[in-house]
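Enquirer: pasting the structure only:
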């Protein structure tokens, strides 16, 4: 004796799943490898930019021996070294063991999303500190009549534009990470609800 409803369920469960695309293991490993390569390139670019900033500030300090330039060089070195350390930590937090399964790939994306959120938080703090130093420095130069008002306004406009660009970049990184973490949370809740 057969139950028609049970037969229907058996057909549905045994039918190949056409809606969901399950990646092959080599696709998972390739995607993880591409992501790691991008992470390595981004870290290398951060370090290269830091070297340029450090070398440029030293060159400027050797060329102009004023007290303000030396102080500016010290500030550049301090913030660049802190930013380089934060870039290293963010890169280190996003590294994983070789990815072989779908579950490993999910964990890889979760770890990278958490590292991205950490990068945004620390990046915003560093941006705030650097903007505060720059605003105070430029204002002091204006008050002490070391720069004209037109140069002060132009420098503040450039500082504002750069800060807006960084905030936009941080917002995009945060949103991307939040989507990954939300999807992960939904997937964690689904087995419990069943």
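Expert: In hand now; what should we look at? For clarity, every value in this text was computed on a predicted model and none was experimentally measured.

Enquirer: When you work out contacts or count neighbours from here on, use the C-alpha atoms and nothing else.
Expert: Fine.

Enquirer: show me what contacts the residue positioned nearest the centre of the chain?
Expert: For the chain, the residue nearest the mean C-alpha position is residue 116 (4.4 Å; C-alpha atoms, centre = their mean). Contact analysis of residue 116 by C-alpha atoms under 8 Å, 6 or more residues apart in numbering lists 90, 173, 174, 177.

Enquirer: if you set the cut-off to 10 Å instead, what comes out?
Expert: Residue 116 makes contact with 90-91, 93-94, 110, 122, 170, 173-178 under the criterion C-alpha atoms under 10 Å, 6 or more residues apart in numbering.

Enquirer: what about the helices in this structure?
Expert: Ranges of helices in the chain, per DSSP state H, are 4-14, 25-63, 67-93, 102-143, 149-193.

Enquirer: What's the mean pLDDT across the fourth one?
Expert: If you average the pLDDT over helix 102-143, you get 84.

Enquirer: hang on, the earlier thing: out of the helices of the chain, name the one with the poorest average pLDDT.
Expert: Of all the helices of the chain, mean pLDDT reaches its minimum on helix 4-14 (a mean of 60).

Enquirer: check contacts around residue 120.
Expert: 90, 114, 126, 166, 167, 169, 170, 171, 172, 173, 174.

Enquirer: Would you show me how to pick out the buried ones of those residues in PyMOL?
Expert: Of the contacts of residue 120, the buried ones go into a single PyMOL selection, burial set by 16 or more other C-alpha atoms under 10 Å:
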select buried, resi 90+114+126+166+167+170+173+174
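
Enquirer: of the contacts of residue 120, closest to residue 149?
Expert: residue 166 (25.6 Å; C-alpha to C-alpha).

Enquirer: The closest one and residue 124 touch, don't they?
Expert: Yes: contact criterion C-alpha atoms under 10 Å: residue 166 and residue 124 qualify, at 8.5 Å.

Enquirer: can you count the residues close to the nearest residue to residue 40 once chain neighbours are set aside?
Expert: Excluding the flanking residues, the one nearest residue 40 by C-alpha to C-alpha, 6 or more residues apart in numbering is residue 91, at 7.7 Å. The local packing of residue 91 (other C-alpha atoms under 10 Å) involves 19 other residues.

Enquirer: Fine by me, thanks again.
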